[in-house]
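*Asks:* sharing a model that was predicted from the sequence below.
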Amino acid sequence: MTVLRWIAFAPLALALSLAAGGLTAFVSELFAGGPNWYTWLVSGAVTGGVCCYVAFRVAPTANSLVKWVTVGFVGLVGAVATIRPIFDGDVLRALQGIGMLVMAVTYARQSPASLLQNPEGVPERAESAAL
């Protein structure tokens, strides 16, 4: 089961983050009546946050490798999602990448053990206590 979790953590994090970001954009557009600046920003933040969260929950151990692979992936996708729309002339859409970059920096500043703690500060998995 551990091998399966190591194989699945990155693809599952990517798939769920894309689904969550798309759902967030859909709901934002539904209530806002069209794509606005905050629709792109919230969609990007949710996409980046869900990717990091799912990767830490699915990976069998919460270590620095999982953290930096996930943060690097979210940061790279966020940078591309920021730069590409600027060159295409759609500056508002670049906010989606900025939201991803903000979430990558937020997760990069935390320790792997703190990412697995519940609000009371108690680790939820035995592996995180060893870090």
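*Replies:* Structure received.
*Asks:* isn't Ala59 right next to Trp6, touching?
*Replies:* Yes - contact criterion CB atoms under 8 Å: Ala59 and Trp6 qualify, at 6.9 Å. For the C-beta atoms, the positions are set from N, CA and C on the backbone; glycine is no exception.
*Asks:* who has more neighbours out of these two?
*Replies:* Legend: neighbour count by other CB atoms under 10 Å for Ala59 and Trp6, higher for Ala59 (24 against 14).
*Asks:* and that one, how far is that from Tyr107?
*Replies:* Separation of Ala59 from Tyr107 (CB to CB, to the nearest Å) stands at 13 Å.
*Asks:* burial of the closest residue in space to Cys52 that isn't next to it in sequence, as a residue count?
*Replies:* Leaving aside its chain neighbours, Cys52 sits nearest to Tyr107 (4.4 Å; criterion: CB to CB, 6 or more residues apart in numbering). Neighbour count of Tyr107, defined by other CB under 10 Å: 23.
*Asks:* got any ranges where this protein has weak pLDDT?
*Replies:* 34-35, 116-131 (pLDDT under 70).
*Asks:* no further queries at this time; thank you.
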